[in-house]
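Colleague: model this:
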Amino acid sequence: MDEELRDASFNEEDGYIKFYLRGRPIVLYVPSHLIESYSLSTVTPGPQSRLKLEWAYGYRGKDCRSNLYLLPTGEIVYFIAAVVVLYNVEEQTQRHYLGHTDDVKCLCIHPNKLLIATGQTAGHDKMEGKPHIRIWNSVSLSTLHVLGLGEFERSITAISFSKADGGGLLAAIDEANDHVLSLWEWQKGETGHKITETKCSADTVIGVDFHPMDRHTVVTCGKNHIAFWNIEGGTLSRRLGIFESRDKPKYVTCIAFADNGDVISGDSNGNILVWGRGTNTILKSIKNAHEGAVFSLLVLKDGHVVSGGGKDGQLTLWDPSYRRTGYTAEVPEQYGNCRTIAEGKGSQLLVGTTKNAILAGSFELPFSVIMSGHIEELWALVSHPTEPQFVTGAFDGTITMWDSMSKTVVWTLDNGEPVQSLDISPDGSSVAVGTTTGKWQLLDMYTREELVQHTDGSEPIQVIRFSPDGKTLAIGSRDNHIYLYQLNDDYKKANRVGRCTGHSSFITQLDWSEDGSAIRSNSGDHDVLFWNPNTCRQILQPSQLKDVQWATDTCRISFNSVGIWPEGADGTDINNCARSHDGSLLVTGDDFGTVRLYQFPASNIKSIGHIYGGHSSHVTNVAFMHEDNRVISIGGKDMSVLQWKVLNQKNRFDD
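Modeller: Numbers count the residues shown, from 1 in each chain. Below is the predicted model:
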């Protein structure tokens, strides 16, 4: 009996199902033992297991500022992707606020040190994905107010609570063409009340802050300006800061407030300027405070001022009269330059850097890294076959091994070329690295020495995969070919045995059969092909392979993953999938920033998955750790690495 559902049909006589992706028919053969019981109308329920975000690796310092603070709970708060992280460094614990649906771009702390406001960019969801501000409790993580849904145009780039009145107002900058400054009575109802808004500047605005003593004053800064705003009768009036014409900087990059109420600014000329309280004129000028721009200013409790250089990587301590104290500190070069500075515990300083790292130290003690991450797009991920470790690779050329138990970096290697794909040999001794240029390498896992280097074509190596016995390497290229290499001499030699030709688009995924006798591959035009790796020939009767056991299930288009495709999917929505080693779960990453968890096999058109947010960009890869107790996901342009705990019925209630 033939059966049809949606745009799918099941031909019981010939034992295959057929469905369409972007109008292209996909034919997949049903395993022999399922043919009699298979029905398109069967619904596969979601798995009993759940995922819980356990750890977020990374920090967004590359293009955001004023986004690092110490809370009274002992946690530091910052963001990466759509996750706001509350990280207790001493106890090595993280909590996460997950209310946002896309990139968080700014953060500020209420004067009561309990409430936090965070602003996001426009996202995928029709309503919740619009730019907005969320105000939430940092202890309970509950959302109290959501401001501006449908009112902001692009992205919230800077926000500030008022201080002199106890924090009743919130100021926000929208990244629209006119860089609109708006004021909110945020406590009025669930969505707050917008008092007023005004065009701030035609140029980029990068900072906004309420004056701590003058309740009617707000200061903004950015390209070509510093502006002093007066709030009167629900309207905003502006006075621009008057520069000595020859010294007008291209950017005013940061602002802070002295104990006496003067405004301190840092700029792209490397100067620190002091503006008299209540005026728009310069009281004092410190020329060449830094080589290159001053990226951050912090007034300490004792009135001293710390400045951070965006080019020289220096932190400089100034006394309350803006004289150099002689104390300086340096951000280690590999972590970039200073993006933002915050007070830590005691005399400790926290520094967020331009290379997405967070450091802790002081003028007496050297700075050490407490969080690091990639600084460019991220596509490559592989979990270790026997250890609780995983490796990521990014377009910044770095390859990093992480330990999922200690949540630390084991090692980082600058490979010099953008990394597209990774795999680890079954014995764990070698890492295969595919780059965006057609070059690929085998590295020794322990010494990181290069054992082998070859180039196949000039296009990215989309996928690189060891055979289950570790003796052959399959390399799927963007040039539509799969290259096969025989490996010898403890991975010190690789001889090309052939090339599989037949795809009419780039290779996206490939899997080996458990016995190494077959390869299946997916391509950019939604094709599924099968290969004999011994002859490099295509197997033209896919029905012969319907009962093959596959060593991995990374092919998005296969009988075992039919159910991951949503209705109306265009074939590019889902980027990847991975099966747990025990064969019970399937995890996917998609274009909407979500990770989904299904029962394996997800072989029914109607398969229900649990959905998890946190990424803000395409989820470019997912993997189970070797014991299936954790899932790792990486977000392409959001540069984040998220570690999820797999909660089953046993550990769900202990957590």
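Colleague: in the stretch 551-655 of the chain, what spans have low per-residue confidence?
Modeller: Applying pLDDT under 70 to the stretch 551-655 of the chain picks out residues 568-571, 649-655.
Colleague: in it, which spans are helices?
Modeller: 649-652 (DSSP state H, counting those that start in this stretch).
Colleague: which residues of the stretch 1-150 of the chain score low on pLDDT?
Modeller: 1-6, 123-129.
Colleague: kindly apply the preceding question to the stretch 351-500 of the chain instead.
Modeller: For the stretch 351-500 of the chain (pLDDT under 70), the answer is none.
Colleague: please name the strands paired to the strand or helix carrying residue 317 in the sheet, noting orientation.
Modeller: Following DSSP states H and E, one finds residue 317 within strand 314-318. Within its sheet, and counting by DSSP bridges, strand 314-318 is paired with strand 305-309 (antiparallel), strand 324-330 (antiparallel).
Colleague: tell me which of the ones you listed is the most buried.
Modeller: When these are scored by mean count of other C-beta atoms under 10 Å, the highest mean neighbour count falls to strand 305-309 (a mean of 26). Glycine gets a C-beta too; all of them are placed from N, C-alpha and C.
Colleague: identify the residues contacting that strand?
Modeller: For strand 305-309, contacts defined as C-beta atoms under 8 Å, 6 or more residues apart in numbering pick out 256, 258, 264, 266, 270, 272, 289-300, 314-320, 322, 331, 337-341, 349, 351.
Colleague: in TSV, list the strands paired with strand 314-318 along with distance to residue 25 and mean pLDDT.
Modeller: Shown next, in TSV, are these (distance: least, C-beta to C-beta, whole Å; pLDDT from 0 to 100):
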stretch	distance to residue 25	mean pLDDT
strand 305-309	59	95
strand 324-330	61	95
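Colleague: can I get the ones you listed in CSV including distance to residue 172?
Modeller: Listed next are the strands paired with strand 314-318 as CSV, based on distance: least, C-beta to C-beta, whole Å:
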stretch, distance to residue 172
strand 305-309, 25
strand 324-330, 33
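Colleague: residue 395: which of those is closest?
Modeller: Among the strands paired with strand 314-318, the nearest to residue 395 by C-beta to C-beta is strand 305-309 (26.6 Å).
Colleague: ok now that closest one, how far from the chain's centre?
Modeller: How far strand 305-309 lies from its chain's middle: 28 Å, per C-alpha atoms, centre = their mean, to the nearest Å.
Colleague: same question, stretch 469-477
Modeller: On C-alpha atoms, centre = their mean, the centre of stretch 469-477 falls 29 Å from the chain's centre.
Colleague: list the buried residues in stretch 168-176.
Modeller: For stretch 168-176, a neighbour-count test (16 or more other C-beta atoms under 10 Å) marks 169-175 as buried.
Colleague: then stretch 286-295?
Modeller: By neighbour count with 16+ other C-beta under 10 Å, stretch 286-295 contains the buried residues 286, 289-290, 293-295.
Colleague: can you check stretch 12-28 too?
Modeller: 15-17, 19-21, 26, 28.
Colleague: circling back: so for the strand holding residue 317, mean pLDDT?
Modeller: Across strand 314-318, pLDDT averages out at 95.
Colleague: again, but for stretch 236-245
Modeller: For stretch 236-245, the mean confidence score works out to 89.
Colleague: got the contact list for that stretch?
Modeller: Outside stretch 236-245, the residues touching it (C-beta under 8 Å, 6+ apart) are 181, 183, 196, 198, 218, 225-230, 249, 252, 265, 275, 280-282, 285.
Colleague: just to revisit the earlier point, which of the buried residues of stretch 12-28 sits closest to residue 508?
Modeller: Once C-beta to C-beta is applied, the member of the buried residues of stretch 12-28 that ends up nearest residue 508 is residue 21, at 12.4 Å.
Colleague: my read: the closest one touches residue 526, true?
Modeller: Yes - using C-beta atoms under 8 Å, residue 21 makes contact with residue 526 at a distance of 4.6 Å.
Colleague: what segments of the stretch 201-350 of the chain are helices?
Modeller: Counting by DSSP H, counting those that start in this stretch, the stretch 201-350 of the chain contains no helices.
Colleague: so where is it shaky, pLDDT-wise?
Modeller: The stretch 201-350 of the chain contains residues with pLDDT under 70 at 245-246.
Colleague: if any of the contacts of stretch 236-245 are buried, put those into a ChimeraX selection.
Modeller: Per 16+ other C-beta under 10 Å, the buried members of the contacts of stretch 236-245 correspond to this ChimeraX selection:
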select :181,183,218,225,226,227,228,229,249,252,265,275,282
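Colleague: inside strands: which ones of the contacts of stretch 236-245?
Modeller: Members of the contacts of stretch 236-245 lying in strands (criterion: DSSP state E): 181, 183, 196, 198, 218, 225-230, 252, 265, 275, 282, 285.
Colleague: quick check: the two most widely separated of those?
Modeller: 196 and 285 (33.2 Å).
Colleague: re the thing from before, which of the contacts of strand 305-309 count as buried?
Modeller: For the contacts of strand 305-309, a neighbour count by 16+ other C-beta under 10 Å gives the buried set as 256, 258, 264, 266, 270, 272, 289-290, 293-300, 314-318, 322, 331, 337-341, 349, 351.
Colleague: just the residues you listed: which are in strands?
Modeller: In this view, those that belong to strands under DSSP E are 256, 264, 266, 272, 294-299, 314-318, 338-341, 349, 351.
Colleague: dump the residue contacts of residue 587.
Modeller: Per C-beta under 8 Å, 6+ apart, neighbours of residue 587: 51, 577-578, 580, 595-598, 622, 624, 631, 633.
Colleague: with those in mind, which one is nearest to residue 371?
Modeller: Distances from residue 371 to the contacts of residue 587, taken by C-beta to C-beta, are shortest for residue 633, at 17.8 Å.
Colleague: relative to residue 81, how far out is that closest one?
Modeller: Separation of residue 633 from residue 81 (C-beta to C-beta, to the nearest Å): 10 Å.
Colleague: what do these two both touch?
Modeller: Common neighbours of residue 633 and residue 81 (C-beta under 8 Å, 6+ apart) are 614-615, 642.
Colleague: nearest to residue 480, of the residues you listed?
Modeller: Relative to residue 480, the closest of those is residue 615; by C-beta to C-beta it sits at 28.9 Å.
Colleague: so how far is residue 256 from the closest one?
Modeller: To residue 256, residue 615 is 33 Å away according to C-beta to C-beta.
Colleague: number of nearby residues for residue 490?
Modeller: 13 (other C-beta atoms under 10 Å).
Colleague: cool, residue 606 as well?
Modeller: So residue 606, with other C-beta under 10 Å, has 17 neighbours.
Colleague: over to the one 5 residues further on?
Modeller: Other residues lying near residue 611 total 13 when counted by other C-beta under 10 Å.
Colleague: so it bridges to which residues?
Modeller: residue 596.
Colleague: how much space separates it from residue 633?
Modeller: 13 Å.
Colleague: list residues touching both of the two?
Modeller: residue 595.
Colleague: please list all residues in contact with residue 207.
Modeller: Residue 207 makes contacts with 65-66, 158, 219-222, 252-255, as judged by C-beta under 8 Å, 6+ apart.
Colleague: and what of residue 276?
Modeller: Counting by C-beta under 8 Å, 6+ apart, residue 276 has contacts 262, 283.
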